[in-house]
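Student: the following block contains a protein sequence and its predicted model.
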Amino acid sequence: MLDSGATQILILGGTGDLSRRKLLPALLDLYARGMLPEVFHIIGLARSKWGRHEYSTFVKESIDKYHLGHTHTAQQVNDFCSHISFVSGSFDDFSSYDRLQSSLDEFDVKRGVRSNRLFYLAVPPKHYSQIFNDLKKSGVADESEKKWTHILVEKPFGNNLQTAQELDSQLAKLYREDQIFRIDHYLAKEAVQNILSFRFANTLLKAPWDKDSVQSVYIKMTETIDVGGRSGFYEGVGALRDVGQNHLLQLLALVAMKEPDTFTVEAIRDARTEVLESLRPVTKETLNDSVIRAQYDGYKSDEAIPNDSETETYFELKTFVDSPTWKDVPFFIQAGKALEVGEVSITINFKDVATGLFETKTCFSIGNQIKLTISPEQEIAITLNAKSPDLGYQLETRTLSYKCKEGENKIKNSYEKVLYDSIVGDQTLFTKTEEVHAAWKFITPILETWNKLPLHTYKKGSAGPVETLLKM
Ligand code: BG6
């Protein structure tokens, strides 16, 4: 059991998609692993006129539906549900916070404790500002001696640089930075954390990781699913805000960051921030050659989407990290929904040998490649040149690949890590203010000018639009 003291976890948006698919299954898994505090209580807040019993039924149904293949017994699920309560109310109705406070107090009195409090904002980002205020004003987020309050916020944090800055200055007036956990669940993925291990624990990879050896970097996040039932959230947000400003720029930061001197929260977050602050801005002059945006056919057939929607479901972006290490190495980013193949990966293309035995016109070598696949399966593949087996002397490429094994302790749902770290108070895998601002500073000018670019279309289930920057 986790020794962090009695803790109450409040999920604002307790019946939403994120809660059903990710948070409730993750909390159950943590419980089954014995990784929740010994004394804990989960409270779901949502509009439904439910009591504890109905919410328990909802939690069980969500687990059956979305936590496929779990191996917990019915008894374990029941035990887990015995730690859950429900408060009926809306997060934009101030009186809900009084009811939340009563539920929190009731638990504390019953258990004879004063518990820590973790507030998870599983709600659309447009409500953050009001919730930050109301949590403070109502007193539910107050800390008492040696008892913490942590606030977890989903991405996108803000809608552009200005709104992110406004949210942050509001937060700074209400809470300390060590109370704010800005989530990017990609950072919490095992395979993403492995980028640091591959890069910095292997001399073989450390040596050639810079402009002298690397030709280009390609970061890809293609999904087969379309917008589905999330159109209300997605419309007006689009792919660049949804996954570009956060997940993909964070992957880029992990690929390009300097090795931190120490394995500390500050050193790792600073190293990521330095990369994001060095991204070369896309300007009006470079926009055409740096960005592609597209929407899949049929996106607008959803009732919730206006006929003239220009929301992109796909983008490509070419950028550079303006640091001496990465001078003029292009970084390509691609993301999209409703595509043929679902894959998240990072490919490092190395330069071909420029001198020596094989720098000849008769015996061609090809630049090496390292591909780190994050999903569907965690894999590292290295492509090398070798002699082609015949009487002559030609080269051909061979690929060595390794699929990272799934151990018993494998964390399938990165929200387990998000929740665990926020309970123990480790902010390494959460983004800090400067990181979020740097990412928005890079993305906002693109969002402000790219309506001048054509919005291409592509067929669902295809490889994306015909127009592409990715000629590699
Ligand atoms: C979320 C985006 O942050 O990440 C979704 O809002 C996207 O649009 C999802 O589908 C992908 O996450 P994962 O963990 O399934 O790769």
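Tutor: Everything's here; your move.
Student: lowest confidence element among the helices and strands of the chain?
Tutor: helix 231-234 (a mean of 87; mean pLDDT, DSSP states H and E).
Student: helices and strands around the next helix or strand after that one, which ones?
Tutor: Moving toward the C-terminus from helix 231-234, the next helix or strand (DSSP states H and E) is helix 238-239. Applying 3 or more CB pairs under 8 Å, 6 or more residues apart in numbering; DSSP states H and E, we find helix 238-239 packed against strand 314-320. C-beta: built from backbone N, CA, C; applies to glycine.
Student: residue of the stretch 151-300 of the chain closest to the ligand, please.
Tutor: Nearest residue of the stretch 151-300 of the chain to the ligand (CB to the nearest ligand atom) works out as residue 242 at 4.7 Å.
Student: from the chain's centre, how far out does the least confident helix or strand of the chain sit?
Tutor: 18 Å (CA atoms, centre = their mean, to the nearest Å).
Student: now the helices for the stretch 1-150 of the chain?
Tutor: 17-18, 24-32, 52-66, 74-81, 95-111, 128-138 (DSSP state H, counting those that start in this stretch).
Student: the ligand is nearest to which of those helices?
Tutor: Per CB to the nearest ligand atom, nearest to the ligand of those: helix 17-18, 9.1 Å.
Student: can you tell me which residues in the stretch 201-350 of the chain are near the ligand?
Tutor: Counting by CB under 6 Å from any ligand atom, the stretch 201-350 of the chain comes close to the ligand at 223, 242-243, 344.
Student: would TSV of the residues you listed with pLDDT be doable?
Tutor: TSV is the format used below for these (pLDDT from 0 to 100):
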residue	pLDDT
223	98
242	95
243	97
344	97
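Student: farthest pair within those?
Tutor: 242 and 344 (14.0 Å; CB to CB).
Student: the more surrounded of these two?
Tutor: residue 344 (24 against 21; other CB atoms under 10 Å).
Student: what residues are up against the more buried one?
Tutor: Shown in contact with residue 344 (CB atoms under 8 Å, 6 or more residues apart in numbering): 220-222, 373-375.
Student: thought the residue of the stretch 151-300 of the chain closest to the ligand was touching residue 234?
Tutor: Yes: checked against CB atoms under 8 Å, the pair residue 242 and residue 234 is within contact range at 6.7 Å.
Student: picking that back up, which stretch in the helices of the stretch 1-150 of the chain has the least confidence?
Tutor: Looking at the helices of the stretch 1-150 of the chain, the lowest mean pLDDT belongs to helix 17-18 (a mean of 91).
Student: next secondary structure element downstream of the one helix or strand residue 266 maps to?
Tutor: Per DSSP H and E, residue 266 falls inside helix 265-277. Per DSSP H and E, helix 265-277 leads on to helix 287-290 as the next helix or strand towards the C-terminus.
Student: and whichever helix or strand comes after that following helix, what does it pack against?
Tutor: Where DSSP H and E defines the elements, the next helix or strand beyond helix 287-290 is strand 291-296. Helices and strands touching strand 291-296, by 3+ CB pairs under 8 Å, 6+ apart, are strand 314-320, strand 455-458.
Student: quick one: strands adjacent to strand 291-296?
Tutor: Strand pairing for strand 291-296, determined by DSSP bridges: strand 314-320 (antiparallel), strand 455-458 (parallel).
Student: who touches the last one?
Tutor: What it means is strand 455-458. 292-297, 310, 312, 314, 336, 464-467.
Student: out of those, who's nearest residue 77?
Tutor: When the contacts of strand 455-458 are compared against residue 77 (criterion: CB to CB), the nearest one is residue 336, at 36.4 Å.
Student: next, give phi and psi for the closest one.
Tutor: Main-chain torsions, residue 336, degrees, to the nearest 10: phi -170, psi 160.
Student: got the contact list for it?
Tutor: Neighbours of residue 336 in contact, by CB under 8 Å, 6+ apart: 222-223, 239, 294, 296, 313-315, 458, 464.
Student: so it bridges to which residues?
Tutor: residue 222, residue 314.
Student: just the pLDDT at it, thanks.
Tutor: So residue 336 comes in at 98 (pLDDT).
Student: check residue 407 too.
Tutor: pLDDT, residue 407: 67.
Student: same check, this time on residue 361
Tutor: Looking at residue 361, the pLDDT reads 65.
Student: so what's residue 157 up against?
Tutor: So residue 157 contacts 125, 128, 164, 167, 182, 431, 436 (CB under 8 Å, 6+ apart).
Student: hang on, the second one packs against residue 166?
Tutor: So the one you mean is residue 128. No: counting by CB under 8 Å, residue 128 does not reach residue 166; the two are 10.4 Å apart.
Student: can you list contacts of stretch 346-365?
Tutor: So stretch 346-365 is in contact with 195, 208-209, 212-220, 251, 255, 366-372, 374, 385, 393-395, 472, going by CB under 8 Å, 6+ apart.
Student: kindly report the same for stretch 41-58.
Tutor: 7-16, 19, 27, 59, 81, 83-91, 96, 100, 103-104, 107, 115.
Student: how about stretch 260-268?
Tutor: 196, 270-271, 426-428.
Student: how about 10 Å then?
Tutor: Under the contact criterion CB atoms under 10 Å, 6 or more residues apart in numbering, stretch 260-268 has outside partners 178, 187, 196, 200, 254, 257-259, 269-272, 274, 425-430, 432.
Student: filter those down to the buried ones.
Tutor: For those, a neighbour count by 16 or more other CB atoms under 10 Å gives the buried set as 187, 196, 200, 254, 257, 269-272, 274, 427, 429-430, 432.
Student: now, among those residues, which is nearest to residue 227?
Tutor: Closest to residue 227, out of all of the buried ones among the contacts of stretch 260-268 and judged by CB to CB, is residue 187, at 23.8 Å.
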